[in-house]
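J.: Requesting a structural model of the entry that follows:
(one chain, ligands or ions: 1)
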Amino acid sequence: MFYRKGIRGNSLPPMTLCLTFDDGPGRTWDEGDPDPREEESRKIGPGPHTLLIAEYLKNQGIRATFFFLGRHAAQYPDILVKVKESGHLIGNHTFGHPHLPDLLARKGAPYEELLTTDAIIKPWVDGRITFFRSPYSDWTPELYMALNNTLALSMNHIGPIDWDIDGTDWLSWQNWCITHDPDAPKKCADNYLKAIRKAGNRGIILMHDSIGDRENTREGNQTFQMLQILIPRLKQMHYHFVRLDEIPVIVSRMNDPFRFALKASNSKYIYLQDGGGGKIMVDSPQVGPGELLGIEDLGFDKAALRAPNGRFFSPGNGGGDAVLADAADVHEGETLDLVTFDQTHVAFRTAMGNWLTWTRTADGDQLVASAFPFGPPEEGVFAVEVRECRQPVTRELLMFMQDLVERIGSWRNRNKARE
Ligand SMILES: [Zn+2]
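T.: As a prediction, this is how the structure comes out:
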């Protein structure tokens with residue numbers, strides 16, 4: 001589905017980078033292999049080198065993501081085959097690179113820009129989900145609604161994917177067309193190094209293997225030459241690289257068929273500061289992105305709660321202490337018994353037999369795991385409000401809720417047997 005806010009890479013650990021390339025594919029024909037479509041650009045400048053970039057990165061052990069334009073992808077199907085074979089992801093960047101909010105305002109059909117491109121790239125998209133990046137990073141509440149209302153899009157896409165690091169390569173190539181500066185690739189690599197440091201040494205990097213709206217910039221494109229300077233320097237500095245679908249927040253959204261908020265007995269919602277990077281408070285009067293949770297069904301009546309940053313809820317010492325969303329993986333400490341009271345209320349019991357609840361602190365009401373002897377009193381019961389759901393999973397969601405009701409029964413029976 002599409003989200004209200006663009007997805008960025010700030011959930012990545014330090015020294016971790018994710019390469020993305022926009023506006024391709026493009027090709028500069030080799031000598032001896034003339035093509036009338038490219039003859040002029042070959043004479044004028046270096047031009048785009050999607051295939052060489054894909055192969056170079058593969059040899060460097062790096063898997064990137066290419067957000068292709070439908071109109072370019074239709075020209076070079078052979079490039080799509082090889083980009084996928086090299087282990088890279090292919091994403092959707094619209095057909096013609098328009099300003100989508102303007103298109104919508106003019107009563108146009110932004111969803112057709114995505115659907116047409118999907119039809120072209122789909123054979124080379126890895127798995128069920130297609131990642132989407134909006135041209136110019138344009139995103140509005142109206143566009144968010146319009147794309148989610150198109151079922152064929154919302155159920156198969158995750159987006160918009162934004163970026164954390166931009167070294168404005170396109171501007172370097174635009175300037176090169178005037179200056180023909182032989183040092184342009186090196187200077188551009190320096191810009192990226194600066195931008196990487198500025199972003200805290202981690203995140204999604206924006207680059208362009210072609211260009212969507214300026215022919216002359218396309219002809220000056222030296223992203224391939226720039227990468228051959230930048231990548232060895234980054235490796236020397238011990239950066240490492242992940243593919244887009246390895247970023248925790250994206251893994252979380254790919255795995256969660258639905259996201260929900262939990263309302264506590266103080267009538268406030270559980271709120272994850274910084275997406276889960278701080279204390280978990282129970283103080284939010286309304287539901288926004290900071291309140292939305294994912295769930296991992298572990299089977300055997302057990303689940304783990306997932307924060308928007310992709311990390312799991314982990315009760316300190318199993319009980320008595322604050323609950324933080326700081327676990328990268330699910331072990332015993334993150335495993336919660338899921339206990340349902342009715343179709344909208346649940347309680348969570350830790351492996352130590354404590355219950356998730358809230359307690360009043362100097363900073364406000366905070367989520368803790370506390371020891372109630374037999375079952376949770378009212379403070380340990382949360383109302384579940386499902387807020388985001390991939391449409392075709394609605395039935396699955398209902399089955400999940402029914403399953404929860406059945407679990408209550410078995411939980412109650414088990415406890416009766418113990419008494
Ligand atoms: Zn673009």
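J.: Show me which residues of the stretch 101-250 of the chain are close to the ion?
T.: 135, 212 (CB under 5 Å from the ion). In short, each C-beta sits where N, CA and C put it, glycine included.
J.: all strands of the stretch 101-250 of the chain, in order?
T.: Under the criterion DSSP state E, counting those that start in this stretch, the stretch 101-250 of the chain carries strands at the ranges 130-131, 157-161, 165-166, 202-208, 240-241.
J.: got the contact list for the residue nearest the centre of the chain?
T.: Nearest to the mean C-alpha position of the chain, by CA atoms, centre = their mean, lies residue 250 at 3.2 Å. Contacts for residue 250 (CB atoms under 8 Å, 6 or more residues apart in numbering) come out as 7, 158, 244, 310.
J.: From residue 129, how far out is it?
T.: Applying CB to CB, to the nearest Å, the value for residue 250 to residue 129 is 9 Å.
J.: can you check residue 386 too?
T.: Residue 386 is 20 Å from residue 129, by CB to CB.
J.: quick one, which of these two is more surrounded?
T.: residue 129 (20 against 15; other CB atoms under 10 Å).
J.: From residue 308, how far out is that one?
T.: 17 Å.
J.: Repeat that for residue 91.
T.: 21 Å.
J.: do the same with residue 145
T.: 20 Å.
J.: Which one's more surrounded, these two?
T.: residue 308 (26 against 12).
J.: just checking, that one touches residue 275?
T.: Yes. When contacts are counted by CB atoms under 8 Å, residue 308 is listed as touching residue 275 (4.1 Å).
J.: Identify the contacts common to the two.
T.: Counting by CB under 8 Å, 6+ apart, the residues touching both residue 308 and residue 275 are 249, 289, 290.
J.: Let's see which of those end up in helices.
T.: Among the shared contacts of residue 308 and residue 275, the residues falling in helices (DSSP state H) are residue 249.
J.: Same list, the shared contacts of residue 308 and residue 275, but as TSV with neighbour count and distance to residue 165 please.
T.: Formatted as TSV, the shared contacts of residue 308 and residue 275 follow (neighbours: other CB atoms under 10 Å; distance: CB to CB, whole Å):
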residue	neighbour count	distance to residue 165
249	22	16
289	14	22
290	18	24
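J.: Kindly report the domain assignment for this structure.
T.: Split into domains by automatic domain parsing, the chain comes to 2-249, 257-418.
J.: Could you give the separation of the shortest one from the chain centroid?
T.: Centre-to-centre, domain 257-418 and its host chain are 23 Å apart (CA atoms, centre = their mean, to the nearest Å).
J.: Can you tell me the number of residues neighbouring the residue of the stretch 251-400 of the chain found nearest the ion?
T.: Nearest residue of the stretch 251-400 of the chain to the ion: residue 253, at 22.3 Å (CB to the ion). Neighbour count of residue 253, defined by other CB under 10 Å: 22.
J.: quick one: which helix or strand includes it?
T.: helix 248-255 (DSSP states H and E).
J.: on that earlier part again, what would the contacts of residue 250 look like in TSV with neighbour count?
T.: Below are the contacts of residue 250 laid out as TSV (neighbours: other CB atoms under 10 Å):
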residue	neighbour count
7	24
158	21
244	23
310	22
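J.: any chance of the residues you listed in TSV, with pLDDT too?
T.: Below are the contacts of residue 250 laid out as TSV (pLDDT from 0 to 100):
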residue	pLDDT
7	91
158	90
244	96
310	75
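J.: The residue of the stretch 251-400 of the chain closest to the ion touches residue 293, doesn't it?
T.: No. When contacts are counted by CB under 8 Å, residue 253 is not listed as touching residue 293 (11.8 Å).
J.: Overlap of the contact sets of the two?
T.: By CB under 8 Å, 6+ apart, no residue touches both residue 253 and residue 293.
J.: just to revisit the earlier point, out of the strands of the stretch 101-250 of the chain, flag the one nearest residue 13.
T.: strand 202-208 (6.6 Å; CB to CB).
J.: Residues touching that closest one, excluding its own?
T.: With CB under 8 Å, 6+ apart, strand 202-208 has contacts from 8-10, 12-24, 161-167, 169-170, 173, 192, 195-196, 221, 223, 227, 244, 247.
J.: And it, how far out from the chain middle?
T.: 13 Å.
J.: Can you check what angle separates that strand from strand 157-161?
T.: For strand 202-208 against strand 157-161, the angle by axes from the mean of the first three to the mean of the last three CA atoms, to 10 degrees is 90 degrees.
J.: returning to what we had before: tell me which of the contacts of residue 250 is nearest to residue 64?
T.: Set against residue 64, the nearest of those by CB to CB is residue 244 (8.2 Å).
J.: That closest one: what's its closest spatial neighbour, skipping adjacent residues?
T.: Of all residues not flanking residue 244 in the chain, residue 65 sits nearest, at 4.3 Å (CB to CB, 6 or more residues apart in numbering).
J.: Which parts of the stretch 301-419 of the chain are strands?
T.: 302-306, 312-315, 323-327, 336-342, 345-349, 355-361, 364-370, 382-389.
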